[in-house]
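In: Sequence and predicted structure are below.
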Amino acid sequence: MADAAITMYGAEWCGDCRRSKRLLDSLGVAYEYIDVANDDAGKDAAIEISGKQSIPVITFSDGTYVVEPSDIDLRAKVEALGLL
């Protein structure tokens, strides 16, 4: 899904990643998921984007990103992008 407006860099063992995925799924928002535990290039990209080793890193089509967002902040961003 290369044309997704949202890309999430995360890992299955990460509770915040699972929570953010659950929110996006429940809202019916399409996103590309990159599992940094199994994708070294994805891991490097997430670190390059955020400048730290925290996940999830979620990028948006407007060039912005969030790191470890709350559900409230992530939902607000998705609404602001008109994806709901």
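Out: Perfect, I can see it now.

In: A strand includes Tyr33, no?
Out: Yes - counting by DSSP: H, G, I helix; E, B strand; the rest coil, one finds Tyr33 located in a strand.

In: quick one, what contacts it?
Out: Tyr33 makes contact with 7-8, 10, 21 under the criterion C-beta atoms under 8 Å, 6 or more residues apart in numbering. For every residue, glycine as well, the C-beta is placed using N, CA and C.

In: Please narrow those residues to those residing in strands.
Out: Mapping the contacts of Tyr33 onto strands (DSSP state E) picks out 7-8, 10.

In: wait, which of those residues is closest to Pro69?
Out: Ranked by distance to Pro69 (C-beta to C-beta), the ones in strands among the contacts of Tyr33 are led by Met8 at 10.2 Å.

In: number of nearby residues for the closest one?
Out: Using other C-beta atoms under 10 Å, Met8 is surrounded by 23 other residues.

In: Just grab the bridge partners of it for me.
Out: Tyr33, Ile58 (DSSP bridges).

In: any idea how far it lies from Ile34?
Out: Distance, Met8 to Ile34, by C-beta to C-beta, to the nearest Å: 7 Å.
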